[in-house]
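Student: Below are the sequence and a predicted model; questions follow.
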Amino acid sequence: QVRLVESGGGLVPAGGSLRLSCAASGRTFSGSAMAWFRQGPGKEREFVASINWSGDDTTYADAIKGRFSISRDKSKNTLYLQMSSLQLEDTALYYCAADSRLFTAGSSLARSYDYWGQGTQITVSS
């Protein structure tokens, strides 16, 4: 059974930092694109960041560009999201996602990903 499990969320003051992790099990995603999405209260799910299968190409949403960084450790089958300068608007449930296909580029489209985690909550306080 394929699972994606996010961790690292929590309550953080505005301006603070957090690092999210997404541990995959059940199959390797070292050859597939992965991404982070989020859904804030009363909002639709939105793209945050993606990374291609090789890890050398990343894409970010404008709202978080320059503050967040996506990376992956293929040896650990784990995806990361380093977040800094957190803002109130970053409060959301953060999901990781993985493409089932091989050698894929990252995408901002949710339909590009076949596997999803349950999410980890980040709450930014003033």
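Tutor: Thanks, I have it. Numbering: from 1, shown residues only.
Student: avg pLDDT for stretch 116-126?
Tutor: For stretch 116-126, mean pLDDT is 97.
Student: Buried residues, it. List them.
Tutor: W116, G117, G119, T120, I122, V124 (16 or more other Cβ atoms under 10 Å). Where you see a C-beta, it was placed from the backbone N, CA and C, and this is true even at glycine.
Student: Serialize those residues to JSON lines and add fields for distance to I51.
Tutor: Shown next, in JSON lines, are the buried residues of stretch 116-126 (distance: Cβ to Cβ, whole Å):
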{"residue": "W116", "distance to I51": "16"}
{"residue": "G117", "distance to I51": "15"}
{"residue": "G119", "distance to I51": "19"}
{"residue": "T120", "distance to I51": "18"}
{"residue": "I122", "distance to I51": "19"}
{"residue": "V124", "distance to I51": "24"}
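Student: Check these and tell me the two furthest apart.
Tutor: W116 and V124 (22.9 Å; Cβ to Cβ).
Student: I'd assumed F37 was in contact with E46.
Tutor: Yes - contact criterion Cβ atoms under 8 Å: E46 and F37 qualify, at 6.5 Å.
Student: Would you mind telling me which of the two has the busier surroundings?
Tutor: Per other Cβ atoms under 10 Å, whichever of E46 and F37 has more neighbours is F37, with 23 against 15.
Student: Return the distance of the more buried one relative to E44.
Tutor: 10 Å (Cβ to Cβ, to the nearest Å).
Student: same check, this time on A63
Tutor: 14 Å.
Student: Between these two, tell me which one has more neighbours.
Tutor: Remark: of A63 and E44, A63 carries more neighbours, 14 against 7, as counted by other Cβ under 10 Å.
Student: Which residue, other than its chain neighbours, is closest to the more buried one?
Tutor: Closest residue in space to A63, ignoring its immediate chain neighbours: E89 at 7.3 Å, by Cβ to Cβ, 6 or more residues apart in numbering.
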